[in-house]
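Novice: need coordinates for the following:
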Amino acid sequence: MAGNEKYDELILKQISILTENLESTFKFLGDHQNEKGCWCGSKSNKTDLHLSALSIRAIKMIQTHDSDILLENALSHLKDIISKGASEFDEDTLIDSLNIIIDYSPRMIELENGVVTRLMDKRQEMGWGKPNPSLGLTCRALIALVRSDLSQKDIINRYIKQLIKAQYPDGGWSHRDSKGEIITTCYAMRALYHTKDSSLKDFILHGKNYLKKFLENSVWLNDQIIL
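Specialist: Down below sits the predicted model:
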C-alpha cells in the first residue's frame, strides 16, 4: 500500500508541475509558430512536420480559448504540404503526416487514405525502418495506423501480435537491450492502448508495472523528473 501511495504522490506532483506550466507552454508554442502557422527547426525556416505534429498534439491537449486559432493556421498549411509531398515522404514523415490528418477537422478521407496506403507500402516483414526494422518506429507507425480506421486491420493485428511477443519479462520493450527501456515501452504501450482490445489488458498491465517501477526509481530534482 505504501508503494502505491508513493507512486500516486509522484504522479500527482508531476501533474501539478505540468498544470502550472501549461500557460507558459502554450505561449512558447504560439511565439514560435512561423508566418505560415507551423513550426520549424532551430536552424531552418522550412516547416518541420515532426515538430508541427507534436506542437498540434500539445495545443489540442492544452485546450485554451486561443487553441482554435493556432490550430486552424497550422492545419491549413500542413494540408497543402502533405497533399503535394506524401509520395516522397519517408516513414517518419508519413507517420507525422497521418497523425496531423487524423487531428484535422473536418476529416480529409482521400488524403488520409493516401498516406495510410503509402505508409503500409513501406512496411517490412518485421515492421518499419530501413535497413532493419526499428521497434520504436514500428510502434509509432502502429499508433498512427490504429488511430486511423482506414487501415487494414488484419495486417495491423499481425504486427500487434509481434509487439506482444517482443515484451520483456520485466514488462518493458526495447529495440536493442535484453531488458525494457522507457521510450520504447511508452510507444509500445500507446500502440496497445489505442487498439482498445480487452484481450491485451494483461500485457498493458505488465507494462504499467514496469513504468511504475521506473517512476519509483527516478530521482526528483528541482521539481523535475530526471530520466
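
Novice: okay, buried residues for stretch 107-126 please.
Specialist: 108, 111-112, 114-116, 118-120, 123 (16 or more other CB atoms under 10 Å). In short, each C-beta sits where N, CA and C put it, glycine included.

Novice: restricted to helices, list these.
Specialist: Under the assignment DSSP state H, those contribute 111-112, 114-116, 118-120 to helices.

Novice: so which of those is the closest to Cys139?
Specialist: Ranked by distance to Cys139 (CB to CB), these are led by Leu119 at 13.5 Å.

Novice: just give the nearest non-adjacent residue to that closest one, would you?
Specialist: Spatially, and ignoring its direct neighbours in sequence, Leu119 is nearest to Leu94 (4.4 Å; CB to CB, 6 or more residues apart in numbering).

Novice: and the one you found, that's in a strand?
Specialist: No. Applying DSSP: H, G, I helix; E, B strand; the rest coil, one finds Leu94 to be helix, outside a strand.

Novice: and it, how many neighbours?
Specialist: By the criterion of other CB atoms under 10 Å, Leu94 has 24 neighbours.

Novice: now Leu200
Specialist: Neighbours around Leu200, by other CB under 10 Å: 17.

Novice: residues in contact with the closest residue to it other than its chain neighbours?
Specialist: Sequence neighbours aside, Leu192 is the residue nearest to Leu200 in space, at 5.0 Å (criterion: CB to CB, 6+ apart). Taking CB atoms under 8 Å, 6 or more residues apart in numbering, we find Leu192 in contact with 160, 163-164, 200, 203-204, 207.

Novice: against Asp66, how distant is Leu192?
Specialist: Shown here: Leu192 relative to Asp66, a distance of 34 Å by CB to CB, to the nearest Å.

Novice: what mean pLDDT does stretch 213-227 get?
Specialist: For stretch 213-227, mean pLDDT is 54.

Novice: please apply the same query to stretch 111-118.
Specialist: According to the model, stretch 111-118 has a mean pLDDT of 91.

Novice: do stretch 74-89 as well
Specialist: The pLDDT scores in stretch 74-89 average 83.

Novice: before we move on, what about stretch 38-57?
Specialist: Taken as a whole, stretch 38-57 has an average pLDDT of 79.

Novice: need the residues that contact that stretch.
Specialist: 29, 32-34, 36, 71, 74-75, 77-78, 81-82, 92-93, 96-97, 99-100, 103.

Novice: any idea which element the residue most central in space within the chain lies in?
Specialist: Of all residues in the chain, the one closest to the mean position by CA atoms, centre = their mean is Arg140, 6.2 Å from it. For Arg140, the element it lies in under DSSP states H and E is helix 135-147.

Novice: pull the distance from that helix to the chain's centre.
Specialist: Here helix 135-147 shows a centroid-to-chain-centroid distance of 8 Å under the convention CA atoms, centre = their mean, to the nearest Å.

Novice: what's the answer for stretch 75-85, then?
Specialist: 20 Å.

Novice: could you list the domains of the chain?
Specialist: 24-122, 144-221 (automatic domain parsing).

Novice: dump those to TSV, plus distance to Gly136.
Specialist: What follows is the domains of the chain, written out as TSV (distance: least, CB to CB, whole Å):
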stretch	distance to Gly136
domain 24-122	11
domain 144-221	5
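
Novice: quick one on the thing from earlier: quick one, what contacts the residue nearest to Leu119?
Specialist: Contact partners of Leu94, counting by CB under 8 Å, 6+ apart, are 86, 115, 118-119, 122.
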